[in-house]
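[1] turn this into a structure:
(chains A and B, ligands or ions: 2)
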Amino acid sequence: MTVSTRKTKLTTALLLAPASLWYLLLLVAPLVIVTIFSFGERAPEGGYAAAFTFEQYLKLPTRSTPFINTLWLASLGTFFCIILAYPLAYYLATRASAQMKSILVALIIVPFWTSFLIRTYAWITILSSRGIPAILERLGLVQDLVLLNTPFAITLGIVYNYLPLMTFPLYVSLERLDKRLLEASKDLGANRWGTFWQVTFPLSAPGLITGSMLVFILLMGEYLIPALLGGGKIFFVGNALVDLFLQSRNWPFGSAVSMALNFIMLVIISLYLWLTSRLGGEGREEVSLF
Amino acid sequence: MTQSVVDFDIEFRNVVKTFGSVRAVNGISFQIPKGSFYSFLGPSGCGKTSSLRLIGGFEQPDGGEIYIAGESVAQIPSYQRHVNMVFQYYALFPHMNVARNVGYGLRQQRPKLLPDEIDKRVKDALALVRLSGYENRRSWELSGGQQQRVALARALINKPTVLLLDEPLAALDRKLRKDMQIELKTLQREVGITFVFVTHDQEEALSMSDRIAVMRDGKIVQEGSPTELYNHPVDRYVAGFIGQSNFIPGEVVEVGERVTVRTPLGVMLSAPGSKDAKPLVEKAKAVVAVRPERIGLWREGEAGGQSGFKGRVSQVTFLGDQTEYHVETEEVGHLLVKLSSGNAGFGGGDSVVAYWNQTAGLALLDD
Ligand SMILES: Nc1ncnc2c1ncn2[C@@H]1O[C@H](COP(=O)(O)OP(=O)(O)O)[C@@H](O)[C@H]1O
Ligand SMILES: [Mg+2]
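    Ligands and ions are numbered 1, 2, ... in the order given. Okay, here's the model as predicted:
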């Protein structure tokens, strides 16, 4: 008995080794390095000089704009993803015929076979002064409309790229919703609207929270969308980091900024775990992230 | 002041419901008396659930009319009908505790009820189903029987005209099912609401119902009180579904006060025709149905002058108070005989004579 448990333990350890090594090398080690750097000083020629100071952290408020931009546009983007994905997922899960379902799912997925860069460059053309603004001006509807390099363009890029991440978890939780619960609600006197808000919506909450988390957390590290559609005018934390590390070569300050970002994400994930555990109960964890 | 002119809570007139090519409900008509315990009984797939869902408004009929308390409900959506349903497998809301599940119907009422009033009525409803103190439990923390009672309380709290129950006991174990049968019947008498009960279990239907509609392939074959159905089944199907029966097939040779049936081996059997049964005519294919408990056994040689069918005991099953004997006879084939265990004493292989009174059988049309 002991031999076999020892054997299984060994097998488990062996099977886990590659993944553990991977995380150790690519996650834990960089994190340790960044933590050490964040307490250091910028070397005169750029890079890192050993020290132990809180100076970098005290300078963080000077970079509050990218943090505010990130949090605000990520929230807005997540919000619009919900607004668009919910009806879509609801239709997919409850109304669409099997055939319609496959067509719609294909329509959602197929654009993602094209490279992210190409799709986003396409949006640059569409939003630039020769794109939609030109058409609207021809029609005499607007003048001097600027779409590109605005928060609008970034939000649009976010919604366009992240919509599937919101749609699928929502779809899963709506799909597995027991249709008899809706009948029971109507039987007890609730109309469609009442049934939606009292039964469907609360029961889709796990999917909604998971989708929002996926979108929001990935957005916190977003770099390309603000760089391309924001034209370098609207900085996300990701853009600020590239700037700090590669342009001003201020590694310690960049490290402090990434530590701050890590901290914010930690708070959000804790919130998420707390929410899902509160919602938790039988058969309700399946669509959770962690 | 106004006295209701209708004595029926539910009435179906020629109601048809089809799903694609399946006629789930094939033109049925019935009336359910106020305050009665009414059951639909039939094998799986015969259209019981569909009938119930038509009453609840979850399905729309393709033909015919449905009346609830005398009024046609064709235009009335499910959430406005004064009927409530206990769903098969209960369908309790998983995101609500017991109290919120039970109070759900009250919270839908407009104008809104006061929270105190809701709390009080939830308490009363839980007391009615003997679940006081379970307010804050979640549905998955309850046993099957408890979930069942939450579903009952939830459905009864709106004081419906009619309560619909779709095989509510099917998911419970045998002992609990027996207890719940009694509890349901008691509850129905207490609240005085019409119960429409669906089951495929004849024992359940017989023990609880005031009236039973036996269904087959979307049609009602026979409707009546449990004793009527047991003693006067209209055909072989009902006789086989309600209780057990021996069926001896043959051809009608004479219809008089009794019906005489000749078996393929030439044995003449005489039995009364069921009084509600479809009329038998000469040369019609018929069966003589005999309940197992109406047959007696003698040891061969002790029969005296009595006539009977010689046979051999092939199997003995002890059931406690009764014992079942399978007897193979030459003249009328296999017979199932049930004797009270006290005066039984036959073993496998014994040679016996089986007999029954001519009035114990029933001549029925074979289908
Ligand atoms: N929603 C539906 N779609 C297609 N066929 C159905 C549907 N509901 C019931 N049926 C069919 O109608 C018949 C009667 O079903 P049902 O009323 O559920 O029977 P029971 O409750 O007596 O088992 C069955 O053949 C079943 O397959
Ligand atoms: Mg059924």
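[2] check the gap between the residue in the stretch 101-250 of chain A that ligand 1 sits nearest to and residue A:195 for me.
    Nearest to ligand 1, among the residues of the stretch 101-250 of chain A, is residue A:179, at 10.6 Å (Cβ to the nearest ligand atom). C-beta coordinates here come from the backbone N, C-alpha and C atoms, glycine included. Remark: distance between residue A:179 and residue A:195 (Cβ to Cβ, to the nearest Å) = 11 Å.
[3] same deal with residue A:214?
    28 Å.
[4] now the residue of the stretch 101-250 of chain A closest to ligand 1, what are its backbone angles?
    phi -60, psi -20 (degrees, to the nearest 10).
[5] pull up the gap between it and residue B:331, please.
    Using Cβ to Cβ, which is the criterion applied here, residue A:179 is 56 Å from residue B:331.
[6] give me the more crowded residue out of the two.
    Comparing residue A:179 with residue B:331 by neighbour count (other Cβ atoms under 10 Å in any protein chain shown), the higher total belongs to residue B:331, at 15 against 9.
[7] wait, is the more buried one part of a helix?
    No - using DSSP: H, G, I helix; E, B strand; the rest coil, the assignment for residue B:331 is coil, not a helix.
[8] distance of the residue of chain B most remote from its centre relative to chain A?
    Distance to the chain centre peaks in chain B at residue B:301, reaching 42.4 Å (criterion: Cα atoms, centre = their mean). Separation of residue B:301 from chain A (Cβ to the nearest Cβ, to the nearest Å): 63 Å.
[9] what about the helices in the chain?
    If you meant another chain, say so; for now it's chain A. A:2-23, A:29-38, A:55-58, A:64-90, A:98-109, A:116-127, A:132-138, A:151-175, A:179-187, A:192-195, A:201-220, A:224-229, A:237-242, A:251-279 (DSSP state H).
[10] can you look at chain B instead?
    Under DSSP H, chain B gives helices at B:48-56, B:98-107, B:115-128, B:144-156, B:174-191, B:202-208, B:226-231, B:236-241.
[11] can you put those helices in JSON lines and add mean pLDDT, mean neighbour count and distance to residue A:258?
    Below are these laid out as JSON lines (pLDDT from 0 to 100; neighbours: other Cβ atoms under 10 Å in any protein chain shown; distance: least, Cβ to Cβ, whole Å):
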{"stretch": "helix B:48-56", "mean pLDDT": "96", "mean neighbour count": "23", "distance to residue A:258": "59"}
{"stretch": "helix B:98-107", "mean pLDDT": "96", "mean neighbour count": "24", "distance to residue A:258": "45"}
{"stretch": "helix B:115-128", "mean pLDDT": "95", "mean neighbour count": "16", "distance to residue A:258": "50"}
{"stretch": "helix B:144-156", "mean pLDDT": "93", "mean neighbour count": "23", "distance to residue A:258": "51"}
{"stretch": "helix B:174-191", "mean pLDDT": "90", "mean neighbour count": "15", "distance to residue A:258": "61"}
{"stretch": "helix B:202-208", "mean pLDDT": "93", "mean neighbour count": "19", "distance to residue A:258": "68"}
{"stretch": "helix B:226-231", "mean pLDDT": "93", "mean neighbour count": "18", "distance to residue A:258": "78"}
{"stretch": "helix B:236-241", "mean pLDDT": "90", "mean neighbour count": "22", "distance to residue A:258": "75"}
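[12] surely residue B:146 is in contact with residue B:130?
    No - using Cβ atoms under 8 Å, residue B:146 is not in contact with residue B:130, being 9.5 Å away.
[13] can I see the domain layout of chain B?
    B:3-231, B:236-367 (automatic domain parsing).
[14] check whether the longest one comes near ligand 1.
    I take that to be domain B:3-231. Yes - applying Cβ under 6 Å from any ligand atom, one finds domain B:3-231 touching ligand 1 at B:19, B:22, B:24, B:42, B:44, B:45, B:46, B:47, B:48, B:49, B:50.
[15] what's the pLDDT at the second one?
    It refers to residue B:22. Residue B:22 is assigned 94 on the pLDDT scale.
[16] before we move on, the earlier item: just say which of the domains of chain B is most tucked in.
    Each of the domains of chain B was scored by mean neighbour count; the highest is domain B:3-231, a mean of 18, by mean count of other Cβ atoms under 10 Å in any protein chain shown.
[17] near chain A at all, it?
    Yes - applying Cβ under 8 Å from any Cβ of the partner chain, one finds domain B:3-231 touching chain A at B:56-58, B:77-80, B:83-85, B:87, B:89, B:91-95, B:104-105, B:108-109, B:138, B:140, B:154-155, B:158.
[18] if we can go back for a sec, state the distance from the residue of the stretch 101-250 of chain A closest to ligand 1 to residue B:91.
    9 Å.
[19] also residue A:252?
    Applying Cβ to Cβ to residue A:252 and residue B:91 gives a distance of 60 Å.
[20] could you do residue A:147 as well?
    For residue A:147, the distance to residue B:91 - Cβ to Cβ - is 49 Å.
[21] return the residues in contact with residue B:319.
    The contact partners of residue B:319, by Cβ atoms under 8 Å, 6 or more residues apart in numbering or on different chains, come to residue B:341.
[22] can you give me the pLDDT of it?
    89.
[23] same question for residue A:280.
    61.
[24] with the one 10 residues further on instead?
    The per-residue pLDDT reported for residue A:290 equals 48.
[25] same deal with residue B:362?
    pLDDT recorded at residue B:362 is 92.
[26] next one: the residue nearest to it when sequence neighbours are not counted from residue B:16, what distance?
    Using Cβ to Cβ, 6 or more residues apart in numbering or on different chains and skipping residues adjacent in sequence, the residue nearest residue B:362 is residue B:289, 4.7 Å away. For residue B:289, the distance to residue B:16 equals 31 Å [Cβ to Cβ].
[27] check residue B:57 too.
    Here the criterion is Cβ to Cβ. By it, residue B:57 lies 16 Å from residue B:16.
[28] ditto for residue A:206
    Residue A:206 is 42 Å from residue B:16, by Cβ to Cβ.
[29] please apply the same query to residue A:184.
    Distance from residue A:184 to residue B:16, by Cβ to Cβ: 26 Å.
[30] the residue of the stretch 1-150 of chain A at minimum distance from ligand 1: neighbour count?
    At 14.3 Å from ligand 1, residue A:97 is the closest residue in the stretch 1-150 of chain A, using Cβ to the nearest ligand atom. Each residue near residue A:97 was counted by other Cβ under 10 Å, and the total is 8.
[31] for it, give its distance to residue A:91.
    Distance, residue A:97 to residue A:91, using Cβ to Cβ: 11 Å.
[32] residue B:114 too?
    38 Å.
[33] likewise residue B:207?
    With Cβ to Cβ as the criterion, residue B:207 and residue A:91 are 47 Å apart.
[34] again, but for residue A:254
    45 Å.
[35] now the end-to-end length of stretch B:233-246.
    13 Å (Cα to Cα, to the nearest Å).
[36] is any part of that stretch close to ligand 1?
    No - figure legend: stretch B:233-246 not in contact with ligand 1 (Cβ under 6 Å from any ligand atom); closest approach 12.8 Å.
[37] what separates that stretch from the chain centre, distance-wise?
    13 Å (Cα atoms, centre = their mean, to the nearest Å).
[38] name the residues that touch that stretch?
    Counting by Cβ under 8 Å, 6+ apart, B:41-43, B:202, B:206, B:212, B:214, B:216, B:221-222, B:226, B:229-230, B:247, B:274, B:276-278, B:287, B:289-292, B:295, B:334-336, B:338, B:362, B:364-367 sit against stretch B:233-246.
[39] mind running it again at 6 Å?
    B:202, B:214, B:216, B:221-222, B:229-230, B:276-277, B:287, B:289-292, B:335-336, B:364-367 (Cβ atoms under 6 Å, 6 or more residues apart in numbering or on different chains).
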